[in-house]
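A.B. asks: Next input, structure requested:
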Amino acid sequence: MIRYLFKPLSFMIGIFFIFLTMPSWASDPPLKVGILDLQRCLQQSEAGKKASKGLQEKSDRIKKELTVKREDLKKLREEFNKKSNVLSQDAKREKEKELIRKEEDFRDIVREKEDEMHKDEYNAMQPLLNELFEVTSKLAREEGYTLILEAKSGVVYYTKPIELTDKVIKIFNETKREKKK
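C.D. replies: Predicted coordinates:
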């Protein structure tokens, strides 16, 4: 008879000790998670729009410049093709080398301009990202967020109420306006 009572009793005592050793869930603050789309913040904030506009203007200038150089190169190629039949072998070889060198120079210029644009984009956007992180951190502290995730970095699903992008854009714009004053 004792065996029949011992098994349920030992089970109940085990459950009792498990609950005693568990941390108190009531003392832990509730988990509050937010989602932020940094790309949208950069695209829709006033400072982000201004930086993008400046970058776009520079990009357009570079494209025009490269288009002119590309057209000049194309004209040289066409001129060479027309005159190649009447040129001597040595002159033809020299003109072809010159044309190849100019094409390589053009490719180098294109690479150089692309690198320059990447650096300019980084230099324009990095300070904005740093300020967005500061605004987001301040918002998280003030509103008690435990965790804020970036929407494009592996978040598969979230509901609209936890998305903070619009709120961060608003605060970021206000912060930038206050700094201008």
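A.B. asks: now stretch 160-170, how far from the centre of its chain.
C.D. replies: 18 Å (CA atoms, centre = their mean, to the nearest Å).
A.B. asks: same thing with stretch 84-103?
C.D. replies: Centre-to-centre, stretch 84-103 and its host chain are 46 Å apart (CA atoms, centre = their mean).
A.B. asks: what's it in contact with?
C.D. replies: Leu73, Leu76, Arg77, Phe80, Lys83 (CB atoms under 8 Å, 6 or more residues apart in numbering). Where you see a C-beta, it was placed from the backbone N, CA and C, and this is true even at glycine.
A.B. asks: Farthest pair within those?
C.D. replies: In those, two members sit farther apart than any others by CB to CB. They are Leu73 and Lys83, at 15.9 Å.
A.B. asks: Please indicate which of the contacts of stretch 84-103 are buried?
C.D. replies: For the contacts of stretch 84-103, a neighbour count by 16 or more other CB atoms under 10 Å gives an empty buried set.
A.B. asks: what's the closest of those residues to Tyr157?
C.D. replies: Relative to Tyr157, the closest of the contacts of stretch 84-103 is Leu73; by CB to CB it sits at 51.1 Å.
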